[in-house]
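Asker: 3D model of this:
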Amino acid sequence: MKRAETIKTHSGQKMVSCVLIFDKDGYVLGTARKNDPTAFGMPGGKLEIGDNFYQAAIRETLEETGVDLTLYKLTPIFRAADSPFDVITFYVDDGILLERPLLKPGHGEGVCRWITFKELASGFFPVYNMALLKNLPAHLKKFYQKENWYESLENQDVMAMSNEEVRQVILNTVDCFL
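Answerer: Residues are numbered from 1 along each chain as shown. From the prediction side, this is the model:
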């Protein structure tokens, strides 16, 4: 994905890079902001001037979780606009880590921990996260594709929904993947 090498050249560009990191049991590395430690998203953040998407993914993940992504191969897997941002998501190696790395968020960062797909899909940026989950390769979908909350949104155009609409469908579906 050549677009992942694009460099941010001015402050008006709204560009975000994030990383989806799975463990062998189907959990995802999640981060929450200091001011809301209950809603999780993927490690990542805005590009700084001079960054490309890869550099931002590595820097932001290290700051937020203590995980050094220079040890892994990053593959861009999904790109979409999450108004007003241009967002690219990567995964590491083949998408699934056999061993969980030690988590050690930087000073002043929020909470990071291993979360369920349901927590990711209903946390920060549910429209983007649900669209991402619908577009992952089959070997990664196996962790959640049979869940009722996923099935309830699988055939819907989630990009046409609001964050709150997606969140409500997920949270109001009777099932629990904890």
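
Asker: and the residue positioned nearest the centre of the chain, what does it touch?
Answerer: By C-alpha atoms, centre = their mean, the chain has its centre lying nearest to Met42, at 3.4 Å. Contact partners of Met42, counting by C-beta atoms under 8 Å, 6 or more residues apart in numbering, are Cys18, Val19, Leu20, Ile21, Val28, Leu29, Gly30, Thr31, Thr89, Leu120, Asn129. C-beta here means a position set from N, CA and C on the backbone, and glycine is covered the same way.

Asker: recalculate using a threshold of 7 Å.
Answerer: Cys18, Val19, Leu20, Gly30, Thr89 (C-beta atoms under 7 Å, 6 or more residues apart in numbering).

Asker: buried ones in the one helix or strand Ile170 maps to?
Answerer: For Ile170, the host element (DSSP states H and E) is helix 163-172. The neighbour-count check on helix 163-172 (16 or more other C-beta atoms under 10 Å) flags Asn163, Val166, Arg167, Val169, Ile170 as buried.

Asker: any chance of the residues you listed in JSON lines, plus pLDDT?
Answerer: Shown next, in JSON lines, are the buried residues of helix 163-172 (pLDDT from 0 to 100):
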{"residue": "Asn163", "pLDDT": "93"}
{"residue": "Val166", "pLDDT": "94"}
{"residue": "Arg167", "pLDDT": "93"}
{"residue": "Val169", "pLDDT": "93"}
{"residue": "Ile170", "pLDDT": "92"}
